[in-house]
Structure formats: C-alpha cells, structure tokens
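> from the sequence below, what's the structure:
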Amino acid sequence: MDTQAALWLLLDDERLSETARGLLFDDTVACFLSAASVWEAAIKRGLGKLDAPEDMHTQIERHGVLGLPVYDRHAAQVADLPHHHSDPFDRLLVAQAIEEGMSILSADQILRKYDVDVIW
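Numbering: from 1, shown residues only. Modelled structure (predicted):
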C-alpha cells in the first residue's frame, strides 16, 4: 500500500475504499508497507507537512501489515520507469511492485499509467 492508504487505515478514514478495506482486513491476503513509505512519512512529519504518528510502522504492523524493505534491485528499477510521476517515493513503490510481482493499493490515479496492477 502507499503512504496515504496506510495513514487512512490508521485513521479509519472514510476515504479508504471498500475494496481496500476488504483486502486489508482479509487474513488470507498479505499486505505490505514499504520502508519507503515509512521514510516518506517521517520526512514529511519532520518538516511539519504531515500529521503522521511517530510509530507509524509499529501501528501498521498491529493491523497485520508486513514491512517491505527497499533493496538495491528496487532502486535500480526506478531508472527504467517512464516519468509519469515526479514523486520519488511513489516511483520507488512502483519499482518495488514490478520487482516483487505485487499490486499497489493506492487512490493515486497516476500510478495506473505504469505497467503495474493498482487496486483501489
């Protein structure tokens, strides 16, 4: 899932789609949060641009979401992506999804321009 979806999950925000809720609360579906999303939230929180919990990674784990490390192959994959999106964190999430054969849980419509399955 992307950073926004993770925050909406933690806040039980109504903007989290029914499809997203269904997947996030289905014990048979493995859901992951990238270290890149935790990093993004920490940076933006530190700059005062985002109201995110300091222990976001711990809180998200309580929801059964697993952490996804950023590996060098993920970072290298970013170079091969078309420049549909300017956000480096979202580009890294796309690269991770491609490298790991995963879908992305996101409301961000720009991500649909990439050759990756986006669920919302």
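> helices and strands around the helix or strand of the chain with the lowest mean pLDDT, which ones?
Least confident helix or strand, the chain: helix 56-62 with a mean of 94, by mean pLDDT, DSSP states H and E. With contacts taken as 3 or more Cβ pairs under 8 Å, 6 or more residues apart in numbering; DSSP states H and E, helix 56-62 sits against helix 3-11, helix 35-46. Every residue, glycine included, has its C-beta placed from N, CA and C.
> deepest-packed of those helices, please.
helix 3-11 (a mean of 21; mean count of other Cβ atoms under 10 Å).
> next, the residue nearest to Y71 when sequence neighbours are not counted: secondary structure please.
The spatial neighbour of Y71 that comes closest, neighbours along the chain excluded (Cβ to Cβ, 6 or more residues apart in numbering), is E99 at 7.8 Å. Assigned by DSSP: H, G, I helix; E, B strand; the rest coil, the conformation of E99 is helix.
> hang on, isn't E99 packed against D72?
No - applying Cβ atoms under 8 Å, one finds E99 not in contact with D72, separated by 10.3 Å.
> neighbour count winner among these two?
E99 (14 against 7; other Cβ atoms under 10 Å).
> and the more buried one, how far is that from V116?
Per Cβ to Cβ, to the nearest Å, E99 is found 10 Å from V116.
> sorry, back to before: who's in contact with the least confident helix or strand of the chain?
A6, L7, L9, L10, L33, V38, A41, A42, P53, G67 (Cβ atoms under 8 Å, 6 or more residues apart in numbering).
> which parts of that helix are buried?
Neighbour-count burial for helix 56-62 flags M56, H57, I60 (criterion: 16 or more other Cβ atoms under 10 Å).
> export that helix to CSV, keeping only CA atoms.
This file holds the C-alpha atoms of helix 56-62, laid out as CSV (Å, rounded to 0.1, in the frame of the first residue of the first chain):
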residue,chain,number,x,y,z
MET,A,56,3.6,4.5,12.1
HIS,A,57,5.5,1.3,11.3
THR,A,58,4.5,-0.2,14.7
GLN,A,59,0.9,0.8,14.4
ILE,A,60,0.6,-0.5,10.9
GLU,A,61,2.1,-3.9,12.0
ARG,A,62,-0.7,-4.1,14.5
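> great, nothing more from me.
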